[in-house]
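Peer 1: next input, structure requested:
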Amino acid sequence: MARKKIRGNMANILTYMGSLYRNPADAIKEYISNALDEWQKARDRGEMEGPCEVSYILQKGKITIDYNAPGMSEKEFGEALDRVADSAKPGMTILQIGQLGIGIFAFNQVGTSCTFYSKKAKGAPTIKVVLRKQSDDAEIETATKRESRKEPGMTIVIAGLQHDPTRLRGPLGAERLQHMFAEKFDPYLREENLKITITCGGRIYQVEPLTINLPSVGEAFREVHLSSDWQKVFGCQLWFDASGRSKVAIRHTGIPVVEDVKAIQAYGLEESAYASGFVKGYIDADFLKPLPARVGFEENQDWIQFLLELEKICPSIEAEIEELRLEAEEKKLTQIQRRAIELAREILNQGDFKGLELLGGLRRQRAPITQHPGTHKGRETGTRSTKPGEIGRHSGMRIALQEVAFEDGPLCHSRFLSGIVQVNASNPDYKREMVGAKEAKLSYATLMIGKETIAYNDKSKTVNDFLEKLLSFTFQVKRRAKI
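Peer 2: Take a look at the predicted model:
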């Protein structure tokens, strides 16, 4: 069998690898990741006590990045350039952010050249390395006295920018970078292991940890072991967001790799509670293997097992989200809506309706909730607790009442969706009844709750159409029977 050595244009390959990032801001954050890796190694050697400090200076023609973590020597630069896409980091015992050694080429997505001024330690010379786009040559020399750093660290100058970073709303604008860095490096900022400042136009932007004033969910799953390998652990840090516009990221060494689980297709995760928008937060899984430029994870056996574990705990998290969502909806109820729910409860709990299974929140008492099966010490489905593993109260799920125009038109009067009785605001009967007296509004809303309760008991799912016809008939009779 003949073999052929694969060859290519190295300059083009380097340019391509440095352009794998999602956007320009994501590319230049790579230098913070590199700084943290060097800072971590130096701290473990006992050479650094304070935080990793990184500064960005944004100017129209260039971006200057400076950090205090030890730089690289000439020998280390040479070794790194000899091992592009074959980083020594995977074999290290210290958990590192970078894996493939391509971060130094991230400038290709931002500018045309990048100059590194690197000082390894006190007394060591400052090494100057110049990389250029569409070139496979690196210029390495000792920096002049004027260019030399006084303290160990690295200064990086990216020139020939494709975007003006002084534009406030541009892709490299200071406020955009400030927000993105806060999201990307939240755990390091929160633990005060990282300080980032951005200077632009004489103004200094300090990157602060994110402030999240939301109720937490999934507390029981702060630490979840893989069933296939107990040594491999992931953790969930999640909050409920009533806006429905939030996202859940999957992180590696504290850095988001999958920024939104909705982007993961074909595994069902994009349709789960994690992608509902009602939950915000992070899933940390350091045992997964990121792809180059951290645009995703390698789909190996660990990844598949990780998704299976997420699926196991999802019903419990979903139940917590649902209860909090109903609480939020309940707080928005008007006085008439509250009275309609109370009135429906009073009527439906009478003997005439004894055979009906009532909607959650209309029952006077509720049978115990079935525990979600599995090996995890989680919450009971439909309950919420304040401590990991704590069993919540059996109060029953609430219902809420919403008045909303249905996307499929005015024909339907109401529907029951995720614990909420929704009244179709575009239905002609609604428009006629809800402009009347309070009694008419109360009667209409209560009638919709009753209709949905009866439809809920029909397992064949056919009675709803007949109930809708009965409602239309009822309101026509009411209009025509007036004397």
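Peer 1: helix or strand: which one has Leu81?
Peer 2: Assessed by DSSP states H and E, Leu81 sits inside helix 74-82.
Peer 1: quick check, distance from that helix to the centre of its chain.
Peer 2: 36 Å (Cα atoms, centre = their mean, to the nearest Å).
Peer 1: after it comes which helix or strand?
Peer 2: Counting by DSSP H and E, what follows helix 74-82 is strand 113-119.
Peer 1: return that following strand as CSV; C-alpha atoms alone will do.
Peer 2: This file holds the C-alpha atoms of strand 113-119, laid out as CSV (Å, rounded to 0.1, in the frame of the first residue of the first chain):
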residue,chain,number,x,y,z
SER,A,113,0.5,41.4,12.9
CYS,A,114,1.2,40.6,16.5
THR,A,115,4.4,41.5,18.5
PHE,A,116,5.2,39.8,21.8
TYR,A,117,7.5,41.3,24.4
SER,A,118,8.2,38.5,26.9
LYS,A,119,10.1,38.4,30.1
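Peer 1: starting from that strand, tell me which strands it pairs with and how they run.
Peer 2: Applying DSSP bridges, strand 113-119 is found paired with strand 126-132 (antiparallel), strand 153-159 (antiparallel).
Peer 1: figure out how far the first one is from the centre of its chain.
Peer 2: Put plainly, it is strand 126-132. For strand 126-132, the distance to the chain centre is 37 Å (Cα atoms, centre = their mean).
Peer 1: tell me the mean pLDDT for it?
Peer 2: The pLDDT scores in strand 126-132 average 94.
Peer 1: swap in the last one?
Peer 2: Taken as a whole, strand 153-159 has an average pLDDT of 96.
Peer 1: scan the chain for its longest helix.
Peer 2: helix 301-331 (DSSP state H).
Peer 1: what's that helix packed up against?
Peer 2: Using 3 or more Cβ pairs under 8 Å, 6 or more residues apart in numbering; DSSP states H and E, the elements in contact with helix 301-331 are strand 216-217, strand 233-240, strand 279-284, strand 400-404. Glycine gets a C-beta too; all of them are placed from N, C-alpha and C.
Peer 1: in CSV, list those strands along with mean neighbour count, distance to Ser113 and mean pLDDT.
Peer 2: Output for the helices and strands packed on helix 301-331, formatted as CSV (neighbours: other Cβ atoms under 10 Å; distance: least, Cβ to Cβ, whole Å; pLDDT from 0 to 100):
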stretch, mean neighbour count, distance to Ser113, mean pLDDT
strand 216-217, 22, 46, 94
strand 233-240, 20, 40, 96
strand 279-284, 22, 35, 95
strand 400-404, 19, 55, 90
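Peer 1: pull the contacting residues for Asp48.
Peer 2: Wrong residue type there; residue 48 is Met, not Asp. Residues near Met48 by Cβ atoms under 8 Å, 6 or more residues apart in numbering: 39, 42, 69-70.
Peer 1: quick one: list the elements packing against the one helix or strand Lys41 maps to.
Peer 2: When elements are assigned from DSSP H and E, Lys41 belongs to helix 30-44. Identification of packing neighbours for helix 30-44 by 3+ Cβ pairs under 8 Å, 6+ apart yields strand 52-58, strand 62-67, strand 153-159, strand 194-200.
Peer 1: so for that helix, what gets flagged as buried?
Peer 2: Neighbour-count burial for helix 30-44, with 16 or more other Cβ atoms under 10 Å as criterion, is recorded at 30-43.
Peer 1: okay then, goodbye and thanks.
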